[in-house]
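[1] Kindly generate the corresponding structure for this input.
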Amino acid sequence: MGLSNRERRAAKQRKRDARRGVTAPEERADTGRGLPAATLQALLRRAAADLADGREEALAELRGVLAEHLARRRTEILAACDAVLADLPSSSGPGLAGALGTAAPASEWAAATGATTEDVALATVRLLAAHD
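    I've put the predicted structure just below:
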């Protein structure tokens, strides 16, 4: 579970920007690029419902939507995963990690395991689909 090409390129660009003294993207004012949190959560829920209904192509469609957001929007996507999993019943703890045997939310699970943003989003959708 290594980094995607997009994530590697983004990391290289951040290093180049740091050497040149360019302000980090997190410190710049966000001009609205990317999907709002509510839209990301709706996409995850819709993909899970489609997957639960047997539409396997829902994952491919979700990958296409997430592709442009993975590197720059990792924290937003992980937060959306945490939010949609917050209400999910789990006997071993909250969120994605709870369903996998730990008590950490999806974002902490991703950091601990080194899972890519796409892996976490797809695991979230699969878990939601399993509970539909």
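
[2] Could you pull out the helices in the chain for me?
    5-20, 37-52, 57-66, 74-85, 95-99, 106-113, 117-131 (DSSP state H).

[3] Tabulate those in a markdown table, adding columns for mean neighbour count.
    C-betas here are computed from N, CA, C, even on glycine. Converted to a markdown table, the helices of the chain look like this (neighbours: other Cβ atoms under 10 Å):
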| stretch | mean neighbour count |
| --- | --- |
| helix 5-20 | 12 |
| helix 37-52 | 18 |
| helix 57-66 | 15 |
| helix 74-85 | 21 |
| helix 95-99 | 25 |
| helix 106-113 | 19 |
| helix 117-131 | 21 |
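
[4] Just send those helices back as TSV, with mean pLDDT too.
    Below are the helices of the chain laid out as TSV (pLDDT from 0 to 100):
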stretch	mean pLDDT
helix 5-20	83
helix 37-52	87
helix 57-66	83
helix 74-85	82
helix 95-99	53
helix 106-113	81
helix 117-131	84
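
[5] Against residue 11, how distant is residue 113?
    Distance of residue 113 to residue 11, computed by Cβ to Cβ, to the nearest Å: 18 Å.

[6] again but with residue 115, I slipped
    Look at residue 115 and residue 11: by Cβ to Cβ, they are 16 Å apart.

[7] same check, this time on residue 18
    Residue 18 is 11 Å from residue 11, by Cβ to Cβ.

[8] Residue 19 now?
    Residue 19 is 13 Å from residue 11, by Cβ to Cβ.

[9] And for the chain, the residue most distant from the center?
    Going by Cα atoms, centre = their mean, the residue of the chain most distant from its centre is residue 20, 29.6 Å out.

[10] Quickly note the distance from it to residue 61.
    38 Å.

[11] likewise residue 54?
    14 Å.

[12] How about residue 67?
    In terms of Cβ to Cβ, residue 67 sits 11 Å off from residue 61.

[13] Run a quick check on residue 4 versus residue 116, I expect a contact.
    Yes - if you go by Cβ atoms under 8 Å, residue 4 and residue 116 touch, sitting 5.6 Å apart.
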